[in-house]
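**Q** Coordinates for the following, if possible.
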Amino acid sequence: MLSHAAEVSLSKYMTLLLRHQPERQGLVLDPEDGSCTLEELLNVITAASKWSKVTEADLRQVTANSDKQRFEIEGGRIKARYGHSHTKVAYTPGTPPPVLMHGTHQGVLPVIMDEGLRPMGRRYVHLSEGVHFAGLAGSRRGKLVLLSVDTVEAARLGVSFYYAGNEVWLADTVPPGCLAVYEPQAREHIK
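**A** Sure, this is the predicted structure:
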């Protein structure tokens, strides 16, 4: 069993491989869903001397304990659920709850409220069903600001939403008219 520190470090490496730079390490991901076999990922990871002792059980431990549930294992295959920057993984459109959340920081709020949400360095805008995941994502770069997204209005304007699993939804963009700074008294509508 990995220590907490080793688990976090391995999770970051898995993120690099499955979301951002698979080709740099010779990992080939399925172009449809961004997955590979556990064996393929394990072979790439254990080729690095730092990770030579990693086992499939370690990969499963990291997947199970990820605070944002970044990874999914199904039928001997593993993938990052969201956050890809290397390729645009295909997702099936779905109908989200009426309100989703997006975490950001104070420094970019004026631009977002003027231009809407854009994927920036990723392939999709990341949204969540509750404040927990939105807060984890938004607190990394400065003072956290939570935005609520009116998905009914966004869908009316032509936005498609895709369910990535574990309360995470994706969209290509979200227009500014569908955004509001989250007010805690509106909490009864949000998990």
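
**Q** could you dump stretch 41-52 to PDB, C-alpha only?
**A** Output in PDB follows, covering the C-alpha atoms of stretch 41-52 (Å, rounded to 0.1, in the frame of the first residue of the first chain):
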ATOM      1  CA  LEU A  41      -0.300   2.300 -18.100                       C
ATOM      2  CA  LEU A  42       1.600   0.100 -15.600                       C
ATOM      3  CA  ASN A  43       4.300  -0.700 -18.200                       C
ATOM      4  CA  VAL A  44       4.900   3.000 -18.900                       C
ATOM      5  CA  ILE A  45       4.900   3.900 -15.200                       C
ATOM      6  CA  THR A  46       7.300   1.200 -14.100                       C
ATOM      7  CA  ALA A  47       9.700   2.100 -16.800                       C
ATOM      8  CA  ALA A  48      10.600   5.100 -14.800                       C
ATOM      9  CA  SER A  49      13.000   4.100 -12.100                       C
ATOM     10  CA  LYS A  50      11.200   6.100  -9.400                       C
ATOM     11  CA  TRP A  51       8.100   4.000 -10.000                       C
ATOM     12  CA  SER A  52       9.600   0.600 -10.800                       C
END
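
**Q** I would like the residues contacting it, please.
**A** Residues from elsewhere that reach stretch 41-52 (Cβ atoms under 8 Å, 6 or more residues apart in numbering): 10, 13-14, 17-18, 25-27, 53-56, 59, 78. The C-beta positions use only the backbone N, C-alpha and C, and glycine is treated the same way.

**Q** Show me which of the residues you listed are buried.
**A** In the contacts of stretch 41-52, burial by neighbour count holds for Leu10, Tyr13, Met14, Leu17, Leu18, Leu27, Val54, Leu59, Ile78, counting by 16 or more other Cβ atoms under 10 Å.

**Q** What residues sit buried inside the helix or strand hosting Asn43?
**A** Taking DSSP states H and E as the criterion, Asn43 maps to helix 38-46. Buried positions in helix 38-46, judged by neighbour count with 16+ other Cβ under 10 Å: Leu38, Glu40, Leu41, Leu42, Val44, Ile45.

**Q** returning to what we had before: Leu147: which of the contacts of stretch 41-52 is nearest?
**A** Leu18 (27.0 Å; Cβ to Cβ).
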